[in-house]
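K.L.:
Give me a 3D structure for the following:
(one chain, ligands or ions: 1)
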Amino acid sequence: MSAASHTVVIRGTGSYAPAKVVTNHDLSKTIETSDEWIVTRTGIRERRVAGRHEDPSDMAAEAGRAALKAAGLTPADIDAIIVATMTGDLPFPSTACLVQHKIGARKCTAFDLAAACSGFVYGLEVASSLIRAGVHRHVLLIGAEKLSSILNWQDRTTCVLFGDGAGAVILSRGEGPGARNSIIGIRTGADGEDAGLLYQHAGGSRHPATADSVAHGQHFLRMNGREVFKHAVLVMEKTATELLKEHGYTAADVECVIPHQANRRIIETMAERLEVPLDRFFINLDRYGNTSAASIPIALDEAARAGRLRPGGLVLLVAFGAGLTWGAALLRWPAGA
Ligand code: ACO
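P.N.:
Purely as a prediction, here's the structure:
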């Protein structure tokens, strides 16, 4: 067997959401907003918010442990941990290294991946390539975010949209002649020209933290919501359509679409454009808001545990985020995941 011919199997999924629930009604007590406005414009009803001492690595470790359990593996089996995040515990070292220590996976490589809300799909591309090439046997891929830590809770145009959480998958080399590839294909893309549509101004090396940067709220997430909305709808539909076509499928073949959970209106518009009935989309943003890189793996885990993913069925993941970045992954859901 050539090194480039290994199959990649999704072996288990897991997720974690902080206990604290913040409803739209709760927000309406501190900012000028309403449950009606938020639900109508976004579909979001509530979100989870991590505790002061609950780090992304804590949430990632919980999701990772759940995925390991579902996969029937132990931390010692893991060859690589990849954490997709834009709100890592520290500027450095990586959150993946902290997760490695927390779950006790001693003999593996660990690194973070920065692609904002598309991070999980980017991570799937990296992890599956490493397995296919024979570099690793078992990879723990996690999306984890504590967006509450970079939100301006006085800015109603952004703070109502986001939440915290983590989701994980174990990708493994398929063993034996019967092993069937879970990953049919992945497409990712980026356009740095539009980096200014969604970003965090200070805290990086260009604008290190100063008393002035804090006083001016430069560490908070900033977004041009309308422009992001327009780009999201167009690029997600285009990427999904191209990916399906490349592999000889149409949207009608897909049994479950798991989109990035940013806004219900974006998902509805995408469903219309793809001509896929909305009931084939798995949507949980009403309960979590936008958890960026964690949103698809949390939804994937919930869909799997709810029996929404039929073994052998086609599953389409579609993401979009800051960067700008985007990606789509076409999966064949495995029997044992
Ligand atoms: N409550 C009440 N009123 C509000 C709120 C709020 N929470 N937020 C904004 N408004 C007001 C605005 O101030 C504005 O008032 P004005 O007309 O008096 O100026 C009015 O509502 C309309 O505002 P718009 O911004 O035009 O509202 P829109 O319909 O575009 O919805 C939204 C805004 C929900 C942000 C939408 O643009 C959107 O969802 N965009 C996509 C955002 C997104 O998904 N980002 C994540 C990308 S993924 C990643 O990488 C993190």
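K.L.:
what residues does this structure put near the ligand?
P.N.:
Proximity of the chain to the ligand, by C-beta under 6 Å from any ligand atom, involves residues 33, 37-38, 41-42, 116-117, 156-157, 160, 198, 223, 225-226, 228-229, 232, 262-263, 290, 292, 320-322. (C-beta placed from N, C-alpha, C; glycine too.)
K.L.:
Could you rerun that using 5 Å?
P.N.:
Contact residues, the chain versus the ligand (C-beta under 5 Å from any ligand atom): 33, 37, 41-42, 116-117, 156-157, 160, 225-226, 228-229, 262-263, 292, 321-322.
K.L.:
Please narrow those to those residing in helices.
P.N.:
Counting by DSSP state H, the members of the residues of the chain next to the ligand that fall within helices are Trp37, Arg41, Thr42, Gly225, Arg226, Val228, Phe229.
K.L.:
Buried ones from these, can you make that a PyMOL selection?
P.N.:
Listed next is the PyMOL selection for buried residues among these, using 16 or more other C-beta atoms under 10 Å:
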select buried, resi 42+225+228+229
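K.L.:
Make CSV out of the ones in helices among the residues of the chain next to the ligand and add pLDDT.
P.N.:
What follows is these, written out as CSV (pLDDT from 0 to 100):
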residue, pLDDT
Trp37, 98
Arg41, 96
Thr42, 97
Gly225, 92
Arg226, 93
Val228, 93
Phe229, 92
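K.L.:
Report the two of the ones in helices among the residues of the chain next to the ligand separated the most.
P.N.:
Trp37 and Val228 (18.1 Å; C-beta to C-beta).
K.L.:
doesn't Ala303 make contact with Trp333?
P.N.:
No - with contact defined as C-beta atoms under 8 Å, Trp333 does not count as touching Ala303 (9.4 Å).
K.L.:
joint contacts of those two?
P.N.:
Both Trp333 and Ala303 are in contact with Leu309, where contact means C-beta atoms under 8 Å, 6 or more residues apart in numbering.
K.L.:
hey, where'd the helices end up in the stretch 101-250 of the chain?
P.N.:
With DSSP state H, counting those that start in this stretch as the criterion, the stretch 101-250 of the chain has helices at 119-132, 211-215, 225-246.
K.L.:
Kindly provide the distance from the residue of the stretch 101-250 of the chain found nearest the ligand to Ala76.
P.N.:
Among all residues of the stretch 101-250 of the chain, Gly225 sits closest to the ligand, at 2.9 Å; criterion: C-beta to the nearest ligand atom. The gap separating Gly225 from Ala76 is 45 Å, by C-beta to C-beta, to the nearest Å.
K.L.:
what's near enough to touch Leu309?
P.N.:
Applying C-beta under 8 Å, 6+ apart, we find Leu309 in contact with Glu255, Cys256, Ala303, Val315, Trp333, Ala337.
K.L.:
and if you look at Ala84?
P.N.:
Applying C-beta under 8 Å, 6+ apart, the residues near Ala84 are 112-115, 119-120, 122-123, 141-144, 293.
K.L.:
Cool, thanks, signing off.
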